[in-house]
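*Asks:* Sequence first, then the predicted structure:
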Amino acid sequence: MVLSAAEPAGYAVAPDGTKYLVPDQVALQRERLHLEAAVAAQRARGRSVVAVQGLGFVGVAVAAALAAARRPNGDACWFVIGVDLPRTDSFWKIGKLGQGLSPVASPDPELDRLLQDAICVTGNLHATATEAAYALADVIVVDVPLDAHDRVGSGPGQVRLLEDGAEVVLHDPYLPSWPERPEQRIESDLAAALHGVDGIVLAVAHRP
């Protein structure tokens, strides 16, 4: 369904009750222009761009760790873009990150500090719902959950915004113990879904 400016997408409600307006297509286009300008400014500072697909407990931690990486001179290595969907069940994660807050609970207080610093101080971490982030990135990190069999192999829906010509790297230390070898099915699905992305795609498989 294509949303128009006159057709609001609704609100995404965070677990704490905070509401975030889900962007329609007009708002997403404005965000795309904003993101393109931000990427240009970051590249001018010598930073490569990494897009992290999915802002669950793995994606948020990966994005925070990447944004915290520093060169010997103390400057940030990368501009990191955390990407999730403009839907009522997920956009609140982007809203939280935009405020410098973690959308996931963590026993490690360092995660909150890293996110706050990257978003509000250094400015090298940005959360978005626009698919333009993938075309702007040098490296794309895809979070592939393996916590349920019915999600393994459903791949193209997980990475439907990505396009071909990318290098796929799949890693999960637990996979050898899985009798059905789901990494083969996931890798096949990713290869079928990747068309036209110039950057490297890293598929990070995990289970809770």
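*Replies:* Nice, thanks for sending it over.

*Asks:* Mind jotting down where the strands sit in the chain?
*Replies:* Ranges of strands in the chain, per DSSP state E, are 11-13, 19-21, 48-53, 78-83, 125-128, 139-145, 168-171, 200-206.

*Asks:* For the fifth one, name the packing helices and strands.
*Replies:* Think strand 125-128. Packed against strand 125-128 by the contact rule (3 or more CB pairs under 8 Å, 6 or more residues apart in numbering; DSSP states H and E) you find helix 25-44, helix 57-68, strand 78-83, helix 91-98. No exception for glycine: its C-beta is placed from N, CA and C like everyone else's.

*Asks:* could I get these as CSV with mean neighbour count?
*Replies:* Output for these, formatted as CSV (neighbours: other CB atoms under 10 Å):
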stretch, mean neighbour count
helix 25-44, 15
helix 57-68, 22
strand 78-83, 27
helix 91-98, 22
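
*Asks:* Indicate which one of those is closest to residue 10.
*Replies:* Among these, helix 91-98 comes nearest to residue 10, with 9.2 Å by CB to CB.

*Asks:* Can you give me the neighbour number for residue 101?
*Replies:* Applying other CB atoms under 10 Å, we find 17 residues neighbouring residue 101.

*Asks:* nope, residue 104 is what I was after
*Replies:* For residue 104, the neighbour count with other CB under 10 Å is 15.

*Asks:* which ones are touching it?
*Replies:* 56-57, 60 (CB atoms under 8 Å, 6 or more residues apart in numbering).

*Asks:* quick one: low-confidence parts of this protein?
*Replies:* Along the chain, segments meeting pLDDT under 70 span 1-9, 143-208.

*Asks:* rewinding a little: I'd like to know which of the helices and strands packed on strand 125-128 is closest to residue 13.
*Replies:* The closest of these to residue 13 is helix 91-98. By CB to CB, the value is 6.3 Å.

*Asks:* of the helices and strands packed on strand 125-128, which approaches residue 137 most closely?
*Replies:* Residue 137 lies closest to strand 78-83 among these, at 6.6 Å (CB to CB).

*Asks:* Just checking: what are the partner strands of the closest one?
*Replies:* Strand 78-83 has the following sheet partners, assigned by DSSP bridges: strand 48-53 (parallel), strand 125-128 (parallel).

*Asks:* Nothing else from me, thank you.
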